[in-house]
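Undergrad: what follows is a protein structure lacking sequence information:
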């Protein structure tokens, strides 16, 4: 029997659960990149970047091709970029809601401080 869909989804999101992998996917959402181009942008050691790219390749999220001695990576689907955009939109909503709550708390604190003056 195959794994339930929710288990497969959990594994998929676990693959996304590393900042370096997210950054790589963001870069590849813009355009294809050579490993050397990604290194300064991701900010990790070359061996670590290779490990993270291997995880993304095994998950079927990126593919690589050689151009001479250069390895170029690209997304396997534009849907990956869409997913990152949806995540950004969700986080923007959550963070703006938190900012509004913080503003309300500060305003309540200021009003409370004026009452006791």
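TA: Yep, it's here. What you are looking at is a predicted structure, and each value in this text was computed from that prediction instead of being measured.
Undergrad: buried set for the helix of greatest length in the chain?
TA: Determined from DSSP state H, the single longest helix within the chain is helix 78-115. Using 16 or more other C-beta atoms under 10 Å as the test for burial, helix 78-115 gives 80, 83, 84. C-beta here means a position set from N, CA and C on the backbone, and glycine is covered the same way.
Undergrad: just say helix, strand or coil for residue 3.
TA: Following DSSP: H, G, I helix; E, B strand; the rest coil, we place residue 3 in the coil state.
Undergrad: which strands and helices sit next to the lowest-mean-pLDDT helix or strand in the chain?
TA: Least confident helix or strand of the chain, by mean pLDDT, DSSP states H and E, is helix 78-115 with a mean of 86. Secondary-structure packing of helix 78-115 (3 or more C-beta pairs under 8 Å, 6 or more residues apart in numbering; DSSP states H and E): helix 19-30.
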